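Trainee: Okay, predicted coordinates and the sequence, questions at the end:
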Number of protein chains: 2
Amino acid sequence: MCQINLLRCSKKNDSLDISKNGIYEMMNGVGAHEVVIESPDHNKELYEHDKEHIFTVLKIWRSRYQELGNSSIIKYTQLFRNYGSAAGASLTHPHSQIIATPIIPKNITEELEGFKRYYEENGKCILCDMVPFEAKEKVRVVTENEEFLSFCPFAARFPFETWIVPKNHENQFSEVSDKNLRYLADILKKTLKLLAEKVNDPPYNLILRSAPYFLKKDTIYHWHIQILPRLTKVAGFEWGTGYYINPTPPEDAATYLRE
Amino acid sequence: MCQINLLRCSKKNDSLDISKNGIYEMMNGVGAHEVVIESPDHNKELYEHDKEHIFTVLKIWRSRYQELGNSSIIKYTQLFRNYGSAAGASLTHPHSQIIATPIIPKNITEELEGFKRYYEENGKCILCDMVPFEAKEKVRVVTENEEFLSFCPFAARFPFETWIVPKNHENQFSEVSDKNLRYLADILKKTLKLLAEKVNDPPYNLILRSAPYFLKKDTIYHWHIQILPRLTKVAGFEWGTGYYINPTPPEDAATYLRE
């Protein structure tokens, strides 16, 4: 079941015996949790570093995706950055985190199904369709370079939600080339700088969405980065329905960031 | 698509033209949003009122569920209570809110699928199986009365997450009897009082989960209330995966509330 989430991860020395009941399932707490300290400078945010430094951080991200993918236990790796206490950051020193899980998370399963459905209906990857459409429309674009588009998605859940998507189809972050990582460093720096400077340094969660490791290179998935500023509160309506009330249309957000 | 959520509700006078593109869909902003002012007393929380007063509030909730269900546009009604600013409450005066939508929300669709799958596999409603199991196990029970069980669910997403579930199968909140509403007033008062007194008056979101209106009386769904205290922050891992890190096992939470 999705909402009545009956799978639970055990804690060390968990003595709970649920074997007599068929409703619940307990899995071992295996996987990896890593913290990437992005620089020795306590007060310098990621985007304030030069592109070469950001490129180095991105290479570390990629190397961990590669290394964790070599494990026979790990099915999926989730990288994220929590910035600001409202976004759940418990450390102020600039850092990113990586959690690798032995199962494919719910959100990724749903996203894979969405990619699959769109492909079956349209014969293409949805992000491969969205990127040129958004680049042409311009109204939701924040910034772009040769290899990436940064834009506020059409059905943004949060004010100033911004996605960074590679222009060319690629499903695994672990396989991004050095050349493209340099372009990513460039657009990530620009996007985070615009958010910090124009939206008063908002708290945000950055999440990297990459394909589960079992997916072959030619499978329909398209890795990308989602930046979710935490300017509104997620409350009863959102928890109840899974729908989000966003008072700032993405067209307005992108215009504000861009101009 | 689920995560790449491409359906968006229009604002009044929205002039956005997306008809030239097949990826996005815009729906009219129709439905209802109502606020229930629970008493004239600005400083008296719901659980501090006597049971008769809470029963009156619950009758108002039920009457709105009934009334909104008469509309041909409304498919689903979501009642929620946001308490405390960390839970998104923008007013301090005790109140609950009702939002009725012309579509079945994502979370409800998923929950219905879960109920259906469990029924196909086990021939029973999952909550009809969980309630007697939990009542017998006792370890996750917070409190109970003749008609309702209040317990911390096995796969709780949040510390002190507590569900109030009717012991007898019923899918529509709009059809609850006066007798059962009185029992609900009793257990809601007890549960919210325990949370406030033992967990230092935490901010929380309360959500009422009832079946979409089109479901017949004998369809497998089981209405219930979820109380989600907001003591931890939802951060990058949760947004990325849809999985929740909960440092407080429900067995510990229930014991702490109960004893």
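Mentor: Perfect, thanks for sending it.
Trainee: hey, let's count contacts and neighbours off CA atoms from now on
Mentor: Fine.
Trainee: Report the separation between the residue of the stretch 101-250 of chain A at minimum distance from chain B and A:Ile108.
Mentor: When scored by C-alpha to the nearest C-alpha, the stretch 101-250 of chain A has A:Gly114 as its residue closest to chain B, at 4.1 Å. Relative to A:Ile108, A:Gly114 is positioned 10 Å away (C-alpha to C-alpha, to the nearest Å).
Trainee: ok, now which ones touch A:Tyr244?
Mentor: A:Arg157, A:Phe158, A:Val234, A:Phe237, A:Glu238 (C-alpha atoms under 8 Å, 6 or more residues apart in numbering or on different chains).
Trainee: Which two of these have the greatest separation?
Mentor: Within the contacts of A:Tyr244, A:Phe158 and A:Phe237 form the most distant pair, 14.0 Å apart (C-alpha to C-alpha).
Trainee: helices or strands up against the longest helix along chain A?
Mentor: Among the segments of chain A that qualify as a helix by DSSP state H, the longest is helix A:178-198. Helices and strands touching helix A:178-198, by 3 or more C-alpha pairs under 8 Å, 6 or more residues apart in numbering or on different chains; DSSP states H and E, are helix A:51-69, strand A:141-144, strand A:148-151, helix A:250-258.
Trainee: helix/strand/coil for the closest residue in space to A:Leu206 that isn't next to it in sequence?
Mentor: Distance criterion C-alpha to C-alpha, 6 or more residues apart in numbering or on different chains; nearest residue to A:Leu206, sequence neighbours excluded, is A:Ile227 at 4.4 Å. What DSSP: H, G, I helix; E, B strand; the rest coil gives for A:Ile227 is strand.
Trainee: Pretty sure A:Ile227 sits against A:Ile207.
Mentor: Yes - in this structure, A:Ile227 is within contact of A:Ile207 by C-alpha atoms under 8 Å, at 6.5 Å.
Trainee: Work out for me the element the residue nearest the centre of chain A sits within.
Mentor: The structure's chain A has its C-alpha centroid closest to A:Ile207; by C-alpha atoms, centre = their mean the separation is 2.3 Å. Here A:Ile207, judged by DSSP states H and E, is contained in strand A:204-209.
Trainee: Just want the angle from that strand to helix A:178-198.
Mentor: Calculated by axes from the mean of the first three to the mean of the last three C-alpha atoms, to 10 degrees, strand A:204-209 forms an angle of 160 degrees with helix A:178-198.
Trainee: counting contacts, what elements does strand A:204-209 pack onto?
Mentor: Right, strand A:204-209 is packed against strand A:76-83, strand A:224-229, helix B:236-241 by 3+ C-alpha pairs under 8 Å, 6+ apart.
Trainee: Any idea which of those gets closest to A:Pro40?
Mentor: strand A:76-83 (16.8 Å).
Trainee: What strands flank the closest one, and is each parallel or antiparallel?
Mentor: Using DSSP bridges, strand A:76-83 pairs in its sheet with strand A:95-101 (antiparallel), strand A:204-209 (antiparallel).
Trainee: tell me, what's touching A:Gly114 and A:Ile108 both at once?
Mentor: Common neighbours of A:Gly114 and A:Ile108, counting by C-alpha under 8 Å, 6+ apart, are absent.
Trainee: re earlier: nearest to B:Tyr118, of the strands paired with strand A:76-83?
Mentor: Using C-alpha to C-alpha, the nearest of those to B:Tyr118 is strand A:95-101, at 25.2 Å.
Trainee: Distance from the closest one to the middle of the chain?
Mentor: Relative to the chain's own centre, strand A:95-101 is displaced by 11 Å; criterion: C-alpha atoms, centre = their mean, to the nearest Å.
Trainee: Tell me the buried residues in the following helix or strand past that strand?
Mentor: As assigned by DSSP H and E, the chain's next helix or strand after strand A:95-101 is helix A:106-122. Within helix A:106-122, the residues scored as buried using 16 or more other C-alpha atoms under 10 Å in any protein chain shown are A:Asn107, A:Ile108, A:Thr109, A:Glu110, A:Glu111, A:Leu112, A:Glu113, A:Gly114, A:Phe115, A:Lys116, A:Arg117, A:Tyr118.
Trainee: and the stretch 1-150 of chain A, which of its residues are near chain B?
Mentor: Selection of the stretch 1-150 of chain A residues close to chain B by C-alpha under 8 Å from any C-alpha of the partner chain yields A:1-8, A:23-24, A:78-82, A:86-89, A:99, A:105-108, A:110-111, A:113-115, A:117-118, A:126, A:129-130.
Trainee: show me where pLDDT drops low in chain A?
Mentor: Low-confidence segments of chain A, defined by pLDDT under 70: A:1-5, A:11-21, A:216-218.
Trainee: before we move on, the earlier item: so which of the contacts of A:Tyr244 reach chain B?
Mentor: Among the contacts of A:Tyr244, chain B is touched by A:Val234, A:Phe237 when using C-alpha under 8 Å from any C-alpha.
Trainee: Contacts only, for A:Arg8.
Mentor: For A:Arg8, the contacting residues are A:Tyr24, A:Glu25, A:Met26, A:Met27, B:Phe154, B:Ala155, by C-alpha under 8 Å, 6+ apart.
Trainee: Surely it is within a strand?
Mentor: Yes - assessed by three-state DSSP, A:Arg8 belongs to a strand.
Trainee: hey, what's it bridged with?
Mentor: A:Arg8 has these beta-bridge partners by DSSP bridges: A:Met26.
Trainee: Tell me how far it lies from A:Asn43.
Mentor: Counting by C-alpha to C-alpha, the gap from A:Arg8 to A:Asn43 is 38 Å.
Trainee: Also A:Glu259?
Mentor: 27 Å.
Trainee: returning to that earlier point: top of the contacts of A:Arg8 by number of neighbours, please.
Mentor: B:Phe154 (23 neighbours; other C-alpha atoms under 10 Å in any protein chain shown).
Trainee: That one contacts B:Pro250, correct?
Mentor: Yes - B:Phe154 is within contact range of B:Pro250, at 6.3 Å (criterion: C-alpha under 8 Å).
Trainee: okay, and the common contacts of the two?
Mentor: By C-alpha under 8 Å, 6+ apart, the residues touching both B:Phe154 and B:Pro250 are B:Arg140.
Trainee: still on that earlier bit, can you tell me, leaving aside adjacent residues, what's nearest to the residue nearest to the centre of chain A?
Mentor: Once flanking residues are discounted, A:Ile207 sits nearest to A:Phe80: 4.4 Å by C-alpha to C-alpha, 6+ apart.
Trainee: Next: A:Tyr204.
Mentor: A:Tyr204 sits nearest to A:Pro229 (C-alpha to C-alpha, 6+ apart), 3.9 Å away.
Trainee: got it, and A:Thr101?
Mentor: A:Thr101 sits nearest to A:Gly31 (C-alpha to C-alpha, 6+ apart), 5.0 Å away.
Trainee: I'm done for today, thanks for sticking with me.
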